[in-house]
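# Please find the sequence and the predicted model below.
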Amino acid sequence: MRRSDRAITKREEILEVLNKCDVIRLGINTHDYPYIVPLNFGVEDTKPLLTIYLHSATEGLKLDLISKDSRVGFEADCSHRLIVGDVACDYTMEYESVIGCGVISVRDDDEWKKRGLQAIMRHYDPERVFDFTEQQLAAVCILQIDVTRITGKRLKR
């Protein structure tokens with residue numbers, strides 16, 4: 001990162017930023033161009049790794065691409081606030097962000113589906129524990145990113 005004064009280096013702070021974010025953007029290789037899709041997500045601190053869970057339909061472009069190349073990138077950002085200046089070049093945006101990469105796998109057994117869905121729901125509603133019907137589990141697969149590299153950035157004035 002060019003501006004080390006904006007870097008978030010502590011794992012706990014990176015997790016705090018991720019926990020504030022509503023959406024994560026997944027970047028998948030197509031070999032012609034990147035395919036980027038916004039998704040709901042959940043995070044588990046599975047030391048020494050960090051694991052990110054996503055849910056998906058059981059078929060489609062995303063899964064087709066993942067089956068060809070399991071290397072992915074991701075990005076999440078939050079805490080946006082426009083800073084207005086007297087001239088155009090004085091405008092900026094406060095924000096916090098996390099960018100990383102990892103290896104994604106498709107988990108389609110029911111225990112992993114429950115684990116991943118619980119992590120996703122805990123991200124959005126940490127006070128509740130959810131049950132999932134067989135029909136609900138059959139309709140989704142869980143995508144699991146084993147994070148290999150992650151950085152954070154914070155721009156606050």
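Right, received. Where do you want to start?

# Quick check: buried residues in the helix or strand containing Leu18?
Following DSSP states H and E, one finds Leu18 within helix 11-20. Within helix 11-20, the residues scored as buried using 16 or more other CB atoms under 10 Å are 14-15, 17-18. Glycine gets a C-beta too; all of them are placed from N, C-alpha and C.

# From the contact counts, what lies against the longest helix seen in the chain?
Secondary structure of the chain per DSSP state H: the longest helix is helix 110-124. On a contact count with 3 or more CB pairs under 8 Å, 6 or more residues apart in numbering; DSSP states H and E, helix 110-124 meets strand 42-44, strand 51-56, helix 134-138, strand 141-155.

# pLDDT on it, on average?
Averaging pLDDT along helix 110-124 yields 96.

# How about stretch 42-52?
pLDDT averaged over stretch 42-52 gives 92.

# Assign Leu63 to helix, strand or coil.
helix (DSSP: H, G, I helix; E, B strand; the rest coil).

# What is the neighbour count of it?
15 (other CB atoms under 10 Å).

# Distance-wise, check it relative to His31.
Leu63 sits 16 Å away from His31, going by CB to CB, to the nearest Å.

# Glu16 too?
Taking CB to CB, one finds Glu16 at 35 Å from His31.

# again with Thr58
23 Å.

# Same question for Gly116.
In terms of CB to CB, Gly116 sits 27 Å off from His31.

# So for those two, which residue has more residues nearby?
More crowded of Gly116 and His31, by other CB under 10 Å: Gly116, with 24 against 7.

# show me where pLDDT drops low in this structure?
1-5, 157 (pLDDT under 70).
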